Every structure is written in C-alpha cells, then in structure tokens.
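Chemist: A predicted structure for the sequence below; I have some questions about it.
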Amino acid sequence: MGTTRLESVPEPKYWHLKTVLSDALDSEFAVGEILPNERELAARFGVARATLRQALEQLELEGRLQRRRGVGTTVAPPRVGVAVGDYAHGWTDASGEDAWQTVESVEAVPPAEVARLLELTPDTPVHRVRRTRMTHGQPLAAELLYVPGDSVPGLAAIDTPSGLARARAVLRELRRLELEGREQTVELGSARADDAKELDRLPGAPVLVVTTRYLAQGRPAAVAVATYRADTCRLTFGDAAGEELLAG
C-alpha cells in the first residue's frame, strides 16, 4: 500500500481516506488478508489515528472490512444475500447451510417495547426462544423469539421447563397457528455484548435489527427480534425476495 498524503482536500479527511483505502483493498489485498496495524496505516497516510479509525469504521459498515476477535482487521468477502421472507423465517429447526438453528427456550419478561408489540401488560412473562442463523459455518444472525402463553396453549401438558426440548416444543406449537400477517421494521444498530459474542463480532459492531410481529386470530401471536451482521449480510424481503436492503 503506497503512501498518500491527505493535505488540503475539500472533503472530510476520513472520507477521502476511506476512498483511498477502498481502492487499495481492490488492488492490493485478498479476501481474508489482515491489514497493517493502525499505527502503521496512520503513519503511511499522514493522518491521526482518530481519522483512520473513522475511515475503517465506515469501510466496516459498508461491508469491506471485518474486525475479528484476536485477529485484527481483515478484508471482508462479498456480502451474502439473506432472505427474510415467510419461508426463510419459518419456525423450523432445520439443518443446512442457511437455516435457523434452535438453541434454547426460557420463560422471561420481555423488554418494554416487545411487550407493547405483543399488547401485554408490563412484567408479563413469555416464552423466549433463542435461535441462530448460519451459512457456510459462519454466524449471520441471532434471534430472540417472544411467544405469549396464549399463542401456544398446548405447552401446558409439556413438562420440560426450559432448554432445547422446550424451544422445539414452542416452535412446534407455533406452527399450528394460522397466521394472518406480519409487520416488520429494520433498524441499523450496534451489537450488544451478548449478540456480539454469538455473531463472532466485537461489541459495538454495526448490525441490522429486524423486528417482526406475527398476527393470528386478530391479535399478536409472537415477536421476533433478529440481529444480523451488517458487514456480511444483504437482506432481501418479500416472498419472492424481490426487494433488497443493503447495509451501509
């Protein structure tokens, strides 16, 4: 990577640096290659480390770079197209390269916003199912699925109070419902510590948070909060996957 001084440029230095770095990634680095450390990069380009960090953060947000625990900053592979339509987001416990994998279920009080979406009073416990989504061995998303007891009345006869067996039972009962529709919102956010650990990211890394409210029999049946890696995912929406949302 050659030396480029960034004096007297009309745009913010970090933005111009981002462009220079992006060109270098295309011409000088391979996917998975580790970049030089921040001190070396800042010296080569004649910028403060704070300016360099801004440029690197922007490239990470755009999916050009990945910051990996214990490794450093590497060149990211192309984003993976991830469908979040009805079929891809079904309540199954499938195996394969692009499937949701059930982890566990516990009884818990949902966050205030989730309780509002479920039209529940505060402090009302629900079933909380944790799932992860993988592709080619790489974690793409972590999901918390909140299910009121009224949506899965058949669970009353099941003794298992928590864990994987309970989670699979909740999903099995949900599949009995006849859904009438769903409502989705997407927000750009930062990975919390627990999500970052599941997604093999650093806390604060950019993520896409997809919140889905499922409706059945004229009332909310469940709410899913799925956190996707913004550096590797290209989300597609709709049953035919005809709409796309690119992070960054």
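Modeler: Yes, it's here.
Chemist: contacts and neighbour counts: CA atoms only from here.
Modeler: Fine.
Chemist: quick check, A167 in a helix?
Modeler: Yes. A167 forms part of a helix when assessed by DSSP: H, G, I helix; E, B strand; the rest coil.
Chemist: show me the strands in the chain, by range?
Modeler: 65-68, 72-75, 80-83, 99-108, 126-135, 138-147, 181-190, 206-216, 219-229, 233-237, 243-246 (DSSP state E).
Chemist: any idea which of these gets closest to S27?
Modeler: Smallest distance to S27 across those (CA to CA): 11.9 Å, for strand 72-75.
Chemist: for N37, phi and psi?
Modeler: Main-chain dihedrals, N37, degrees, to the nearest 10: phi -70, psi 170.
Chemist: give me the number of residues near it?
Modeler: Neighbours of N37 under the rule other CA atoms under 10 Å: 10.
Chemist: what of R229?
Modeler: Neighbour tally, R229, other CA under 10 Å: 27.
Chemist: where's the closest residue in space to it that isn't next to it in sequence relative to V103, distance?
Modeler: Spatial nearest neighbour of R229, excluding adjacent residues (CA to CA, 6 or more residues apart in numbering): V207 at 4.8 Å. V207 is 21 Å from V103, where distance means CA to CA, to the nearest Å.
Chemist: between these two, which one's more packed in?
Modeler: With neighbours defined as other CA under 10 Å, V207 and V103 compare such that V207 has more, 28 against 17.
Chemist: returning to what we had before: now render the strands of the chain as JSON lines, adding distance to D23.
Modeler: Listed next are the strands of the chain as JSON lines, based on distance: least, CA to CA, whole Å:
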{"stretch": "strand 65-68", "distance to D23": "13"}
{"stretch": "strand 72-75", "distance to D23": "12"}
{"stretch": "strand 80-83", "distance to D23": "22"}
{"stretch": "strand 99-108", "distance to D23": "35"}
{"stretch": "strand 126-135", "distance to D23": "28"}
{"stretch": "strand 138-147", "distance to D23": "27"}
{"stretch": "strand 181-190", "distance to D23": "26"}
{"stretch": "strand 206-216", "distance to D23": "22"}
{"stretch": "strand 219-229", "distance to D23": "24"}
{"stretch": "strand 233-237", "distance to D23": "22"}
{"stretch": "strand 243-246", "distance to D23": "20"}
